[in-house]
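Engineer: Sequence and computational prediction follow.
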Amino acid sequence: MSKLSRREFVYMMAVLGAAPVFANSHTRMMDTNKLEDYYKLKPFGNARFLHMTDCHAQLLPVYFREPSVNLGFYGNYGKPPHIVGEKLLDYYGIKGNKRLEYAYSCVNFEKHAKAMGRTGGFAQIKTVVDFLTKNFGEDKTLLLDGGDTWQGSATSLYTRGKDMVGAMNLLGVDVAVGHWEFTYTAEEVLANVKLLDAEFLAQNVKVKEDSMMNGVEAFDEDTGHAFKPYTIKKMGDARVAIIGQAFPYTTIANPQRFIPDWSFSINDDGMQELVDEVREEEKPDAVIVLSHNGYDTDKKMAEVVTGIDFIMGGHTHDGVPEAYPVKNDGGTTYVCNAGSNGKFLNVLDLEIKNGKVVDHKFTLLPIFSDLIPEDPSMKKYIEDVRAPYLKELTREIATTEETLFRRGNFNGSWDQIICDALIDVKGADISLSPGFRWGTSVMPGQAITFDDLMTQTAMTYPETYARDISGKDIKLILEDVADNLFNEDPFYQQGGDMVRTGGISYRINPTAKMGKRISDITLTKNGQKLDARKSYKVAGWSTVGSKSPGEPVWETVETYLQNVKHIANLKIDSPDIIGVKGNPGII
């Protein structure tokens, strides 16, 4: 890395990095600063892509703590996004730049959050999108949405994603792909796609042959594609192909029962065939893949598939401030990611000449809510969406003097609360909670509202369970999830984090062979080793197979929080991690 000399950092270091930082700056700066002071990019090229992903239905500005643990191994050791904290600041040459420290890292998070406030917010994003589009040229600009947009809040659950469809339409999204979108029923997905102004693409989602024989419709009956696989867009004088890639493990990581007629896969061979076909028949000036594979999976796809210029990726929630170059047999493909929760907007400017991309400029643009006025139309839309539920959303449940967060390879403080609640309310020995990466943060001194709780739990299969599971099977569960996270081959990684645990501690060696990563599982209440032959009462939620019998997990957690009333001195059940000394992916 050339750090400060990198072209994409010139703007942020010189302009955003110099933006004033005041306590309570949201109220002090909104009236005094102009948007163009901080968000006017220097003109470059003749085609502009704006890209956001993984907002998880967060219409309002949020607090979001970047991970302090994002481990990379094998070919991804020490490479983005597996660099955190001070090491990330050193890698990109931004240490001491308060704005960029706050945007890209967990360093001084509480201090920076207190001074600069929340990030994101659809009313702020629309202001920036409109400004950057108008500044560059509407006929030369496209807005891409990388998925995980219709899930993650109470209102998205209550409206079955329709609140976010309306927000996307008002924002002006041109092309979209999906993942958690598919956790609604197939009928609901298709209804929302019909309401969506954007084109919804997926080259790797097929209608099963048996389903087609039974009358289930496909976008293309010859190929079996459930959705349009690609589109051609005119951008000024250029013609650009955009190919959609949905999350390939949707029916493994999420319930198949909601979408029984569709199959998902990485389909890298099909991607190569499609790229070749599009290049040959459409003669585009550039090929862009809008992906929800996850960052490491996108890097591997860039290695094995030729002919792609840029992969605009999502799923793993990685805010990477560069277009990462990946060499392949056909040249170089650049991989980009736009973080999560509306915190960033990717800006990719291309210079296209003589039928190809000859240069580019990439900026991962932080959305600092205190620097950006709200778009009035989007603000009103959000107020109207929330109005029927506002009393319930703003209801205070408990208070906290801890920072509550989720994102990280192992237990976060929000996850620990969920695990503790499952044990306490269900009377269990052990609790298990999925390693979801969605969920915002709550700052010390804040009240925990029902809205906050739903950013951690709002989903279509939230039911809880309590059942007897043998010690042998508990270890198998931990081993299976560890392989999903740390498999040497990115095509076998599903993109979540390690299953969260309550009531146990354990040792993990991420680089060990499958089935050999987990050892020394111990019950925290008495220090006894887990007995493989003994059964334990285990509580959990979010079962992918059949529906669980218990109440939704937000009811379980609310019962617990109402009893506890105040979160303090929270003990997080972190595992003992072997072989990570010196790894830049952990603080």
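Structural biologist: That came through, no problem.
Engineer: Residue 239 against residue 232, yeah?
Structural biologist: Yes: if you go by C-beta atoms under 8 Å, residue 239 and residue 232 touch, sitting 6.0 Å apart. C-beta: built from backbone N, CA, C; applies to glycine.
Engineer: what touches both of these two?
Structural biologist: Common contacts of residue 239 and residue 232 (C-beta atoms under 8 Å, 6 or more residues apart in numbering): 282, 284.
Engineer: Show me which of those two is the more surrounded one.
Structural biologist: Counted by other C-beta atoms under 10 Å, residue 239 and residue 232 do not tie: residue 239 has more neighbours, with 17 against 12.
Engineer: Name whatever forms a beta bridge with the more buried one.
Structural biologist: The bridge-partner assignment for residue 239, based on DSSP bridges, gives residue 234.
Engineer: how far away is it from residue 281?
Structural biologist: 12 Å (C-beta to C-beta, to the nearest Å).
Engineer: ditto for residue 97
Structural biologist: In this view, residue 97 and residue 281 are 47 Å apart by C-beta to C-beta.
Engineer: Have a look at these two and say which one is more surrounded.
Structural biologist: Using other C-beta under 10 Å, the more surrounded residue of residue 97 and residue 281 is residue 97, with 19 against 8.
Engineer: How much space separates residue 75 from residue 268?
Structural biologist: For residue 75 relative to residue 268 (C-beta to C-beta), the value is 17 Å.
Engineer: likewise residue 480?
Structural biologist: Counting by C-beta to C-beta - residue 480 and residue 268 are separated by 24 Å.
Engineer: between these two, who's got more neighbours?
Structural biologist: More crowded of residue 480 and residue 268, by other C-beta under 10 Å: residue 268, with 19 against 13.
Engineer: Can you pull the phi/psi pair for that one?
Structural biologist: Backbone torsions for residue 268, taken as degrees, to the nearest 10, come to phi -70, psi -30.
Engineer: got the CA positions of stretch 47-57 in CSV?
Structural biologist: Only the C-alpha atoms of stretch 47-57 are listed here, as CSV (Å, rounded to 0.1, in the frame of the first residue of the first chain):
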residue,chain,number,x,y,z
ALA,A,47,-19.4,6.9,-15.7
ARG,A,48,-20.2,6.9,-12.0
PHE,A,49,-21.5,4.0,-9.9
LEU,A,50,-22.9,4.8,-6.4
HIS,A,51,-23.2,1.6,-4.4
MET,A,52,-24.6,0.8,-1.0
THR,A,53,-25.2,-2.6,0.7
ASP,A,54,-26.4,-4.3,3.8
CYS,A,55,-28.3,-1.4,5.3
HIS,A,56,-30.5,-4.0,7.1
ALA,A,57,-33.5,-1.7,7.0
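Engineer: How about it, which residues are buried there?
Structural biologist: Under the neighbour-count criterion of 16 or more other C-beta atoms under 10 Å, stretch 47-57 has 47, 48, 49, 50, 51, 52, 53, 54, 55, 56, 57 buried.
Engineer: Keep only those of those residues that are in strands.
Structural biologist: Members of those lying in strands (criterion: DSSP state E): 47, 48, 49, 50, 51, 52.
Engineer: Pick out the most distant pair among those.
Structural biologist: 47 and 52 (17.7 Å; C-beta to C-beta).
Engineer: From the buried residues of stretch 47-57, pick the one nearest residue 150.
Structural biologist: Nearest to residue 150 among these is residue 57, at 6.4 Å by C-beta to C-beta.
Engineer: separation between that closest one and residue 65?
Structural biologist: With distances taken as C-beta to C-beta, residue 57 is found 19 Å from residue 65.
Engineer: Tell me which helix or strand in this protein has the weakest average pLDDT.
Structural biologist: In the chain, the helix or strand scored least confidently by mean pLDDT, DSSP states H and E is helix 25-29, which has a mean of 43.
Engineer: per-residue confidence averaged over the helix or strand immediately after that one in the chain?
Structural biologist: Tracing the chain past helix 25-29, the next element assigned as helix or strand by DSSP states H and E is helix 36-39. Taken as a whole, helix 36-39 has a mean pLDDT of 81.
Engineer: what's helix 36-39 packed up against?
Structural biologist: Secondary-structure packing of helix 36-39 (3 or more C-beta pairs under 8 Å, 6 or more residues apart in numbering; DSSP states H and E): helix 122-136.
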